[in-house]
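> Compute the structure for the input listed below.
(chains A and B)
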Amino acid sequence: GAGVSQTPSNKVTEKGKYVELRCDPISGHTALYWYRQSLGQGPEFLIYFQGTGAADDSGLPNDRFFAVRPEGSVSTLKIQRTERGDSAVYLCASSLNGGGQETQYFGPGTRLLVL
Amino acid sequence: AQSVTQLDSHVSVSEGTPVLLRCNYSSSYSPSLFWYVQHPNKGLQLLLKYTSAATLVKGINGFEAEFKKSETSFHLTKPSAHMSDAAEYFCVVSPTDKLIFGTGTRLQVFP
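Below is the predicted model:
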């Protein structure tokens, strides 16, 4: 079956611009996660959705970052006034019901470069 | 707070020899632990997970890991390395819903 998909695969933008990154989870998965992976590092948690609501947004670095999941399936990560330090691979994952013991399935990521 | 420490940033082995990737965890209670693999330009893939059942966990592609509470370790092993095992490996702990990743170990396999 189809896995987690993310678009675009690559995004180049200029400092100060606004970007949107999209995640399409596995069908039927209620839990959706965003992570950010900087060069040479492990992924870092950003936000977790259970259904339409953000159950944990403690990883969002500041108020320039925002994410939505209005219908409980597709999610969009939005970054305002981008900075060069936002350059990273943004990963999306989904799991069936959420919970620490469940397997999270990852998408291929969106590579964001802020010039 | 829960965390994991991967003790080696790089490991190099010859094809056909054993692989050992070391991970220590810090947790105030029995954690859920995972190993994920990331091949170049590919997504993260789950190798195996420990969720307080059997302490020896078998995963895909011949990998296994043993949960040792007394040593707070969850090392990943494979008896015989294959060229296709070359990748970045992440030890992961999950306190609640989010995953906390280690810094990764890059495995090189030489012919």
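> Return the backbone torsion pair for the residue of chain B found nearest chain A.
Here the residue of chain B nearest chain A is B:Phe101; by C-beta to the nearest C-beta that distance is 3.2 Å. Using the backbone N, CA and C atoms, a C-beta is placed for each residue, glycine as well. Main-chain torsions, B:Phe101, degrees, to the nearest 10: phi -90, psi 150.
> hang on, isn't it packed against B:Ser94?
No - with the criterion set as C-beta atoms under 8 Å, B:Phe101 and B:Ser94 do not qualify as a contacting pair; they are 10.2 Å apart.
> Looking at those two, which is more packed in?
Between B:Phe101 and B:Ser94, counting by other C-beta atoms under 10 Å in any protein chain shown, B:Phe101 is the more crowded of the two (23 against 20).
> Report the contact partners of that one.
Under the criterion of C-beta atoms under 8 Å, 6 or more residues apart in numbering or on different chains, the contact list for B:Phe101 reads A:42-44, B:4, B:36, B:90-92.
> now do A:Ala55
Contact partners of A:Ala55, counting by C-beta under 8 Å, 6+ apart, are A:48-49, A:98, B:97.
> any idea which of the residues you listed is closest to B:Tyr29?
The closest of the contacts of A:Ala55 to B:Tyr29 turns out to be B:Asp97 (C-beta to C-beta; 15.4 Å).
> Quick one: neighbours of that closest one, just the number.
The criterion is other C-beta under 10 Å. On that basis, B:Asp97 has 19 neighbouring residues.
> hang on, it packs against A:Gly99?
Yes - using C-beta under 8 Å, B:Asp97 is in contact with A:Gly99, at 6.3 Å.
> Could you pull out the residues contacting both of the two?
The contact lists of B:Asp97 and A:Gly99 share A:Ala31, where a contact means C-beta under 8 Å, 6+ apart.
> what's the closest non-adjacent residue to B:Thr17?
Once its chain neighbours are removed from consideration, B:Thr17 has its nearest residue in B:Ala81; the separation is 5.8 Å (C-beta to C-beta, 6 or more residues apart in numbering or on different chains).
> and the residue most central in space within chain B, bridged to which residues?
With the centre of chain B defined as its mean C-alpha position, the nearest residue by C-alpha atoms, centre = their mean is B:Trp35, 3.8 Å away. B:Trp35 forms beta bridges with B:Leu48, B:Cys91, as assigned by DSSP bridges.
> if I pick it, what's in contact with it?
When contacts are counted by C-beta under 8 Å, 6+ apart, B:Trp35 touches B:21, B:23, B:46-49, B:59, B:63, B:65, B:74, B:76, B:89-92.
> now those: which count as buried?
B:21, B:23, B:46-49, B:59, B:63, B:65, B:74, B:76, B:89-92 (16 or more other C-beta atoms under 10 Å in any protein chain shown).
> For residue 107, give me its contacts.
Answering for chain A, as no chain was given. Contact criterion C-beta under 8 Å, 6+ apart gives A:3-6, A:23-24, A:91-93, B:43 as the residues in contact with A:Gly107.
> meant chain B actually
Contacts were defined as C-beta under 8 Å, 6+ apart; by that measure B:Leu107 touches B:11-13, B:19, B:21, B:81, B:85-89.
> Now which of the residues you listed would you call buried?
B:11, B:13, B:19, B:21, B:81, B:85-89.
> Tabulate those residues (a markdown table), appending pLDDT and secondary structure.
Compiled in a markdown table, those are given as follows (pLDDT from 0 to 100; DSSP: H, G, I helix; E, B strand; the rest coil):
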| residue | pLDDT | secondary structure |
| --- | --- | --- |
| B:Val11 | 98 | strand |
| B:Val13 | 97 | strand |
| B:Val19 | 98 | strand |
| B:Leu21 | 98 | strand |
| B:Ala81 | 97 | coil |
| B:Asp85 | 96 | helix |
| B:Ala86 | 96 | coil |
| B:Ala87 | 96 | strand |
| B:Glu88 | 96 | strand |
| B:Tyr89 | 98 | strand |
